[in-house]
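Chemist: show me how the following folds:
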Amino acid sequence: MSRAKDTAHYPLYLSDFSLFVIGMVSTFGGTLLLSIIGIRPTYYFVCISAVSAVLLLYGCRRVKRVGVPRSERCPSYYLSFVIWLWLLAPFVRRYSDYQTGWSELNVYGLAPLVASLVCVAFIDITRIYNRLAGQLLLVMLASLVYGYFVGVIWVGPVPATYAALNWFAPIVLAMFVFSYNNSYLDITKSVTSTFLIAIPLLSLYGLYQFLVLPPWDELWMRNIPMTSNGQPYPMRLRVFSTMNSPMIYAPVTVTGMLLLLARGSFISVLSASIGLIGLGLSLVRSAWGALFIGVIVLAVLAVKYDPRRAVWLVIGTIFAVCCLMVAVPMFSLEERLLSRIETITSLANDISFVERQAFYANTLGTVLDNIIGTGLGGVGLAQALTSGGADAELAFDSGVLEIPMVLGWFGAV
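Modeler: Numbering: from 1, shown residues only. Have a look, this model is predicted:
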């Protein structure tokens, strides 16, 4: 995340770091301040997020005018800003609803989507088209375009467009990052540094959420049709931290922890260890298994290519286990964690496993028969826009089956 030093020909130049700080303060600080004084900041949050993202993106282009080659620049602060938006936007929505009154309409969720999509104007398509991985991204994009037009025909333009924002955002962001492949090390450093702060912050907030349950989180839990988060009482919920559900929070935490452990430093090991507390309280077994496998893979790679990191990985694992052993009895978490662990060895008696198994059995035939696909907006939250939520299937409990269900055989293949 280097900063341009040659700004003599651009007297109004602001460094990327300055733009990043201004964007973070105006986006999150400004939104929370408006909420406190009783003004609903819904559209302010979306608009200021988009403006901040564009300014950070424009910084990469602008520096080229003052003599710094593009290859020496990368969208590090832009990516960091977008990550923070994805991590904190649900919390901002909940706090705003608590201060200004509950609203069924979640416009706040558009902020990270819009901020992720504005980078489409800054993608260098030639760098993508000339590489195999880039060509695969273009194939994915073509599949989504197909799914969008099918969705417009079957369910209408509004739900199809709403769903398209969610499906297109990660692909467009990946294409943008790929077009800056010369700055791979800077991008990796930026993303890792973001998680270095985010993982312990979200974990500690998750612990506070579990022990106290802030009123804004309680209000949200009581007003949403979602039982997977547990009950809206302290010590009786599954931690979802600043996000919407433990099934979202846990995979993000595992990803961040593995990135930090791969970094191989004391501070990254400490940060990942703190993250283990929130991950444990999320009670997401698949994430626990993913972390276990990820640590094994990292250990094998570290022993082969970088023994120094292998030492840090061992130290980090031991330290993380020690932190968990201290936290569990301190906050009386033994019964809750042990009861969840026991379900791993008795899946036949596990309600969630039985329900998921039945879902696959009932849905697989429908998916295989659905050659064209339902199109974007045909399942999930966007479907509520067609019927006001009355007959909508808000939760499609399989990411694997959702792809062929929505995109059909043509889009999925």
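
Chemist: okay, CA-based contacts and neighbour counts for the rest of this
Modeler: Fine.

Chemist: so how many other residues sit close to the closest residue to residue 213 other than its chain neighbours?
Modeler: Leaving aside its sequence neighbours, residue 213 sits nearest to residue 234 (C-alpha to C-alpha, 6 or more residues apart in numbering; 5.3 Å). Residue 234 has 15 neighbouring residues, counting by other C-alpha atoms under 10 Å.

Chemist: and what of the one 5 residues further on?
Modeler: A total of 32 residues lie near residue 239 under the criterion other C-alpha under 10 Å.

Chemist: now do the one 4 residues further on
Modeler: Counted by other C-alpha under 10 Å, the residues lying close to residue 243 total 22.

Chemist: coming back round to it: I figured the residue nearest to residue 213 was touching residue 211, is that so?
Modeler: Yes: taking contacts as C-alpha atoms under 8 Å, residue 234 lies within contact range of residue 211: 5.3 Å.

Chemist: quick one on the thing from earlier: can you verify the residue nearest to residue 213 is assigned to a helix?
Modeler: No: the assignment for residue 234 is coil, going by DSSP: H, G, I helix; E, B strand; the rest coil, so no helix is present there.

Chemist: where's residue 17 relative to residue 309, distance?
Modeler: According to C-alpha to C-alpha, to the nearest Å, residue 17 stands 29 Å off from residue 309.

Chemist: I meant residue 221, not that one.
Modeler: Residue 221 is 41 Å from residue 309, by C-alpha to C-alpha.

Chemist: same question for residue 94.
Modeler: Counting by C-alpha to C-alpha - residue 94 and residue 309 are separated by 40 Å.

Chemist: same question for residue 52.
Modeler: Applying C-alpha to C-alpha to residue 52 and residue 309 gives a distance of 36 Å.

Chemist: okay, those two: which has more neighbours?
Modeler: More neighbours surround residue 52 than the other of residue 52 and residue 309, with 23 against 20 (other C-alpha under 10 Å).

Chemist: contacts made by the helix or strand where the more buried one lies with the rest, please.
Modeler: Per DSSP states H and E: residue 52 is located in helix 42-64. For helix 42-64, the external contacting residues (C-alpha atoms under 8 Å, 6 or more residues apart in numbering) are 4, 15-16, 19-20, 23, 26-28, 31, 69-70, 73-75, 77-78, 81-82, 107-108, 110-112, 114-115, 118-119, 122.

Chemist: if any of the residues you listed are buried, put those into a ChimeraX selection.
Modeler: Buried subset of the contacts of helix 42-64, written as a ChimeraX selection, criterion 16 or more other C-alpha atoms under 10 Å:
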select :4,15,16,19,20,23,26,27,28,31,70,73,74,75,77,78,81,82,108,110,111,112,114,115,118,119
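
Chemist: of the contacts of helix 42-64, which belong to strands?
Modeler: Nothing among those maps onto strands, per DSSP state E.

Chemist: so which of the contacts of helix 42-64 belong to helices?
Modeler: If you go by DSSP state H, the contacts of helix 42-64 have 16, 19-20, 23, 31, 77-78, 81-82, 110-112, 114-115 in helices.

Chemist: any chance of a markdown table for those residues, columns distance to residue 258 and pLDDT?
Modeler: Listed next are the ones in helices among the contacts of helix 42-64 as a markdown table, based on distance: C-alpha to C-alpha, whole Å; pLDDT from 0 to 100:
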| residue | distance to residue 258 | pLDDT |
| --- | --- | --- |
| 16 | 27 | 75 |
| 19 | 29 | 84 |
| 20 | 25 | 88 |
| 23 | 28 | 90 |
| 31 | 32 | 94 |
| 77 | 21 | 90 |
| 78 | 22 | 92 |
| 81 | 20 | 95 |
| 82 | 20 | 95 |
| 110 | 28 | 90 |
| 111 | 27 | 93 |
| 112 | 23 | 94 |
| 114 | 28 | 93 |
| 115 | 25 | 94 |
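
Chemist: report the two of these separated the most.
Modeler: Distance extremes for the ones in helices among the contacts of helix 42-64: the farthest pair is 16 and 110 at 23.9 Å, using C-alpha to C-alpha.

Chemist: flag the shaky bits of the stretch 51-200 of the chain, pLDDT-wise.
Modeler: 59-74 (pLDDT under 70).

Chemist: repeat the analysis, applying 80 as the threshold.
Modeler: 58-74, 105-106, 124, 127, 129-134, 181-184 (pLDDT under 80).

Chemist: for the stretch 301-413 of the chain, what spans make up the helices?
Modeler: For the stretch 301-413 of the chain, the helices defined by DSSP state H, counting those that start in this stretch cover 307-330, 334-342, 351-369, 384-387, 399-412.

Chemist: convert the C-alpha atoms of the first one to CSV, please.
Modeler: Output in CSV follows, covering the C-alpha atoms of helix 307-330 (Å, rounded to 0.1, in the frame of the first residue of the first chain):
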residue,chain,number,x,y,z
PRO,A,307,9.9,-23.8,8.1
ARG,A,308,9.9,-20.5,9.9
ARG,A,309,6.2,-20.1,9.3
ALA,A,310,5.6,-23.7,10.4
VAL,A,311,7.1,-22.8,13.8
TRP,A,312,4.7,-19.8,14.1
LEU,A,313,1.8,-22.0,13.0
VAL,A,314,2.5,-24.5,15.8
ILE,A,315,2.9,-21.6,18.3
GLY,A,316,-0.4,-20.1,17.1
THR,A,317,-2.3,-23.4,17.3
ILE,A,318,-1.1,-24.0,20.9
PHE,A,319,-1.8,-20.4,21.9
ALA,A,320,-5.3,-20.4,20.4
VAL,A,321,-6.1,-23.6,22.2
CYS,A,322,-4.9,-22.1,25.5
CYS,A,323,-7.0,-19.0,24.9
LEU,A,324,-10.0,-21.2,24.3
MET,A,325,-9.3,-23.2,27.4
VAL,A,326,-9.2,-20.1,29.5
ALA,A,327,-12.3,-18.5,27.9
VAL,A,328,-14.5,-21.5,28.2
PRO,A,329,-14.6,-21.9,32.0
MET,A,330,-14.3,-18.1,32.5
